[in-house]
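S.K.: sharing a model that was predicted from the sequence below.
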2 protein chains.
Amino acid sequence: MPVSRRISDSAVRRLSHYLRALETIQGEGGGTVSSEELAGRGHTTAAQVRKDLSHFGSFGKRGLGYNVQELMERLRGILGLDRIWRVVLVGAGRIGSALFEYPDFKARGYDCVAIVDADPEKIGTSWGGTVIRPAEDLEAVVQEYDVDLVILAVPASAAQDVAKRAVDAGAKGLLNFAPVQLVVGDGIPVEDVNLVMELEALSFQITRADAT
Amino acid sequence: MPVSRRISDSAVRRLSHYLRALETIQGEGGGTVSSEELAGRGHTTAAQVRKDLSHFGSFGKRGLGYNVQELMERLRGILGLDRIWRVVLVGAGRIGSALFEYPDFKARGYDCVAIVDADPEKIGTSWGGTVIRPAEDLEAVVQEYDVDLVILAVPASAAQDVAKRAVDAGAKGLLNFAPVQLVVGDGIPVEDVNLVMELEALSFQITRADAT
DNA sequence: TTGTGTGAATCCCTTCACAGCG
DNA sequence: CGCTGTGAAGGGATTCACACAA
């Protein structure tokens, strides 16, 4: 019984982890897993695995465990990976290029249909067949390709403006690499990736541990 | 009274946010902030700001608010940013180069003292004066420079091995870009950055919203 | 017997509300 | 009076423990 409850952000990350773990297990030839084994692959517990899955239905067999193949398909469906997501990359800098070449990127169904940048020297060149278009084409590109997700790999000063334009043009979600809090409409999910903040979390923990 | 409580991961991220907001406020010439204004800059509440700060002491003045300059210094101290952190980058690929060139990186006190890579063509070349050294030099580099943090920008297949070697050589924390769950000693903090997982969180939320 | 699915208990984080200080 | 600092209340998420199905 797939209940319509609010799912926490960390729970969603765990679902991603489970999927990745299942892929590994399948590669090792496993046809079945227990919640305990699945928990061992991530940093979580068997009870947590069962509870997470129970929010979406009952996929396992008592006394046996979960069918790897079936659970993978279920998780893909839950995470929305059973379709192609059209993505535009805004900002053809280093972060953008790193993302663009990320191996899992395409394998997971994320199709980068276009790249947009403000640098006149980059406009017109192409990455692996995808041409870099001028910044002002953003709205046109979003509508032309019926884009779902927009990746913001632009300087902090430009991020808010790009975000607003992207959402107004029809983007359904944003992945933001700029160190600013974006203000967008309520229904539009935004995921922030802030590399310096990750380092700060590390130095905090190390500092804290030393003090104890 | 700085209590020795366990601080949640999300609380630490909020502290980073506060620091960034304070920098902006200072740039705008503000000498004082209330918890309410600080809350408005991030996506949080005034009560949350006060509670977060209260874990480390009482930095504000009742009826007045917080002194921007002073609170910034306190936060820097709490996050461990009042010192230089020596960092080694493992993996001179695209993600590595993006990180290496990240502007805030050095400004926050993270000094990338060395780069290590396995590719013979890259070894010996240099990025902005920092020479790329062979993979087997990792331990030597960590000890030579008394390195604190190691950034893993390597393929998933290599990550666990590099992590173990780094920790054994004396690294105190890891920033991991490979999509694997690293197993390291208990006292070693690991922060994971998984770009595909961020996209999955987006597609989950969009899929969920559509279904409702 | 094994291992899931799930209410109950527990823990932790956020929010509330207000005493108290400037 | 204004706004912080903080105990208390509230809510969510994790953990426990066990009935039940294979």
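M.R.: Okay, I see it.

S.K.: can you name the residues of chain A sitting close to DNA strand C?
M.R.: In this structure, chain A approaches DNA strand C at residues A:1, A:33-36, A:46-47, A:50-51, A:53-54, A:58-66, judged by CB under 7 Å from any atom of the strand. Just so you know, the C-beta spots here come from the backbone N, C-alpha and C atoms, and that holds for glycine as well.

S.K.: repeat the analysis, applying 10 Å as the threshold.
M.R.: Residues of chain A lying close to DNA strand C (CB under 10 Å from any atom of the strand) are A:1, A:3, A:32-39, A:46-66, A:71.

S.K.: give me the buried subset of the residues you listed.
M.R.: Among these, those classed as buried by 16 or more other CB atoms under 10 Å in any protein chain shown are A:32-33, A:35, A:37-39, A:48-50, A:52-53, A:55-56, A:60, A:65-66, A:71.

S.K.: which ones among those lie within strands?
M.R.: Among these, the ones falling in strands (DSSP state E) are A:32-33, A:60, A:65-66.

S.K.: show me which of those residues neighbour DNA strand D.
M.R.: A:Gly60.

S.K.: so which of the ones in strands among the buried ones among the residues of chain A next to DNA strand C is the closest to DNA strand D?
M.R.: Sorting those by distance to DNA strand D puts A:Gly60 at the head of the list, at 9.3 Å, by CB to the nearest atom of the strand.

S.K.: dump the residue contacts of that closest one.
M.R.: Contacts for A:Gly60 were tallied using CB atoms under 8 Å, 6 or more residues apart in numbering or on different chains; they are A:35, A:50, A:53, A:66, A:71.

S.K.: and the second one, what's its pLDDT?
M.R.: What it means is A:Arg50. A:Arg50 is assigned 98 on the pLDDT scale.

S.K.: quick one: the lowest-mean-pLDDT helix or strand in chain A near chain B?
M.R.: Lowest by mean pLDDT, DSSP states H and E among the helices and strands of chain A is helix A:103-107, with a mean of 84. Yes. Under the criterion of CB under 8 Å from any CB of the partner chain, chain B is reached by helix A:103-107 at A:104-105.

S.K.: dump the next helix or strand after that helix to CSV, restricted to CA.
M.R.: Using DSSP states H and E, the next helix or strand after helix A:103-107 towards the C-terminus is strand A:110-117. Extracted in CSV, the C-alpha atoms of strand A:110-117 (Å, rounded to 0.1, in the frame of the first residue of the first chain):
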residue,chain,number,x,y,z
TYR,A,110,19.9,11.9,-17.5
ASP,A,111,20.2,13.3,-21.1
CYS,A,112,22.1,16.6,-21.3
VAL,A,113,20.3,18.0,-24.4
ALA,A,114,22.1,21.3,-24.4
ILE,A,115,24.8,23.5,-22.9
VAL,A,116,24.5,27.2,-22.4
ASP,A,117,27.3,29.7,-21.5
